[in-house]
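J.: Give me the fold of what follows.
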Amino acid sequence: MDPSRSAPLALAERRLAWLDARQRVLAQNIAHADTPGFRPRDLPDFAQQVLRQGGGGVALARTDPQHVAPSRDPRARVDRTARETEPSGNAVSLDREALKVADTDTAHALAVQLHRSWLGMFRTALGRGQ
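T.: The predicted structure is shown next:
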């Protein structure tokens, strides 16, 4: 068995690729903080992407005909973050972008640690130690 093809490692690698792409998008947002009319961008949530691609969505089941059918997906959330814009039309908030960068950095460190730990377990199982 090739340890680099295991599900946890593959997921960690996909997460690292997504985090890398998100960091590039956030850096572009910060770089355009003074560009008139610029709107900040962000990638769709990684967890939701993985669930959608894996078919992991679970629909509510109506086990009784008297149950009310949902009119919308209960997992969907409305983005309620205020988008303040400058008179130039720029909507980049450096504070918000800095928080996103910090979150992305923390998630990156976690994914790298998971990757290292998983490979360490394989080395231990093979008797090669750490």
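
J.: Just name the shakiest helix or strand of the protein by mean pLDDT.
T.: helix 46-53 (a mean of 73; mean pLDDT, DSSP states H and E).

J.: Distance from the chain centre to that one, please.
T.: Distance of helix 46-53 from the chain centroid (CA atoms, centre = their mean, to the nearest Å) equals 9 Å.

J.: before we move on, what about stretch 97-105?
T.: Using CA atoms, centre = their mean, the offset of stretch 97-105 from its chain centre is 12 Å.

J.: Pull out the buried positions in that stretch.
T.: 97, 100-101, 104 (16 or more other CB atoms under 10 Å). Quick note: C-beta positions are derived from backbone N, CA and C, even for glycine.

J.: got the CA positions of the least confident helix or strand of the chain in CSV?
T.: Taking C-alpha atoms only, helix 46-53 is exported to CSV below (Å, rounded to 0.1, in the frame of the first residue of the first chain):
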residue,chain,number,x,y,z
PHE,A,46,-13.7,23.8,1.4
ALA,A,47,-15.9,21.6,3.6
GLN,A,48,-19.0,22.3,1.5
GLN,A,49,-17.0,21.6,-1.7
VAL,A,50,-15.8,18.2,-0.4
LEU,A,51,-19.4,17.3,0.7
ARG,A,52,-20.8,18.3,-2.7
GLN,A,53,-18.1,16.5,-4.7
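
J.: Show me which positions of the helix or strand following it end up buried.
T.: If you walk from helix 46-53 toward the C-terminus, the next helix or strand you reach (DSSP states H and E) is helix 94-125. Within helix 94-125, the residues scored as buried using 16+ other CB under 10 Å are 96-97, 100-101, 104, 107-108, 111, 114-115.
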